[in-house]
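In: I'll drop the sequence and a predicted model, then ask my questions.
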Amino acid sequence: IVLRGNTDGGPGPELFELGGIIASTFILLTSSFTSGLAVLAMNQGNKKALIGWLAVTVLLGASFIYLEVTEFAKLVEEGANIGTSAFWSAFYTLVGTHGLHVSVGLVWMTALMIQIARRGITPVTKRKVNIVSLYWHFLDVVWIFVFTIVY
């Protein structure tokens, strides 16, 4: 918020294309819903559905990351890179850190799907699914704040 006008005479927030950003936000919020469906499947003891919903969540999360990387590449092409100004430095740091955390969640969920496929739904895997689901929901809440403040 403080750095919004600090563009050093370069491009600013006018480069944002809200259509794509709203689409990626919708994708991320949908992935939170599918994460919840995975927990419901787990609580019903349905291993196949649990892995399926986690896979859908991973695909949606990967789509979000793809759109974010595409956005970054387009912005850099238009002359707005991390060294352009304080605004862009803050933008890439904030949005990129969120993207990094989404990527960590994707790796975590993928590893968990492998573990569930091998060991089934156990008290240990149940605890892990609950934790990764909370983590994923938290990422969505953080994204809403990032979206509101940055875009």
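Out: Nice, I can see it.

In: mean confidence for the helix ranked longest in the chain?
Out: As assigned by DSSP state H, the longest helix anywhere in the chain is helix 86-119. Mean per-residue pLDDT for helix 86-119: 96.

In: distance between that helix and the chain's centre?
Out: Centroid displacement of helix 86-119 relative to its chain, using CA atoms, centre = their mean, to the nearest Å, is 6 Å.

In: three-state assignment of residue 82?
Out: Of the three states, residue 82 takes coil under DSSP: H, G, I helix; E, B strand; the rest coil.

In: next, give phi and psi for it.
Out: The phi and psi values for residue 82, taken as degrees, to the nearest 10, are phi -60, psi -20.

In: just residue 78 next, same as before
Out: Dihedral pair for residue 78: phi -90, psi 10, per degrees, to the nearest 10.

In: name the nearest residue to it, sequence neighbours excluded.
Out: Leaving aside its sequence neighbours, residue 78 sits nearest to residue 15 (CB to CB, 6 or more residues apart in numbering; 5.6 Å). The C-beta positions use only the backbone N, C-alpha and C, and glycine is treated the same way.
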